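S.K.: need a structure here:
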Amino acid sequence: MNWAQIITGCLLLVNVVTFMIYGIDKYKAIKGKWRIPEATLLLMAVFGGSIGAWLGMRIFHHKTMHKKFYIGVPTIIILQIALAVWLAYNCLTK
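M.R.: Numbers count the residues shown, from 1 in each chain. Down below sits the predicted model:
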C-alpha cells in the first residue's frame, strides 16, 4: 500500500464520518435533543471532511442558513483543493 492509497482511505473515512455526524446532528435538532457543537462540525470539515460536511448540509438541509457554514465549508473545500494541487505540483516536480 502506498501513501496515496493511505491518504485516500483516510480522507474517505473522515468524509463518511463527517457526513454521518451532520445527519446525526440534524436528527437531534428535529428531536430537540443534545446537539453536536458547531465547532466540532466545522473542525471535522477542516480536518479533511469538507466534502462530507458539504454533502451533509445539502442532503440533510442542515446548517444551510448559518453564514459560518454556507460560506465556511465551501471556503474550506477551496483551500483544501488549493493545498492538494500545491502539494501534488511540488511532489511531481522534484
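S.K.: Going toward the C-terminus from the helix or strand hosting residue 16, what's the next helix or strand?
M.R.: Residue 16 belongs to helix 3-31 when elements are defined using DSSP states H and E. Following helix 3-31 in sequence order, the next helix or strand is helix 38-44 (DSSP H and E).
S.K.: Next, the angle from the helix or strand that comes right after that following helix to helix 3-31.
M.R.: Next helix or strand after helix 38-44 toward the C-terminus (DSSP H and E): helix 50-60. Interaxial angle of helix 50-60 relative to helix 3-31 (axes from the mean of the first three to the mean of the last three CA atoms, to 10 degrees): 30 degrees.
S.K.: List the buried residues for helix 50-60?
M.R.: Across helix 50-60, burial judged by 16 or more other CB atoms under 10 Å covers 50, 51, 52, 53, 54, 55, 56, 57, 60. In short, each C-beta sits where N, CA and C put it, glycine included.
S.K.: and the two most separated of these?
M.R.: 50 and 60 (15.7 Å; CB to CB).
S.K.: Reformat the buried residues of helix 50-60 as a markdown table; add pLDDT and distance to residue 36.
M.R.: Formatted as a markdown table, the buried residues of helix 50-60 follow (pLDDT from 0 to 100; distance: CB to CB, whole Å):
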| residue | pLDDT | distance to residue 36 |
| --- | --- | --- |
| 50 | 97 | 17 |
| 51 | 97 | 18 |
| 52 | 98 | 14 |
| 53 | 98 | 12 |
| 54 | 98 | 17 |
| 55 | 98 | 16 |
| 56 | 97 | 11 |
| 57 | 97 | 14 |
| 60 | 97 | 12 |
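S.K.: coming back round to it: could you say what helices and strands the helix holding residue 16 packs with?
M.R.: Contact partners of helix 3-31 among helices and strands, from 3 or more CB pairs under 8 Å, 6 or more residues apart in numbering; DSSP states H and E: helix 38-44, helix 50-60.
S.K.: rerun at 10 Å
M.R.: helix 38-44, helix 50-60, helix 72-92 (3 or more CB pairs under 10 Å, 6 or more residues apart in numbering; DSSP states H and E).
S.K.: out of the ones you listed, which comes closest to residue 21?
M.R.: Per CB to CB, nearest to residue 21 of these: helix 38-44, 6.1 Å.
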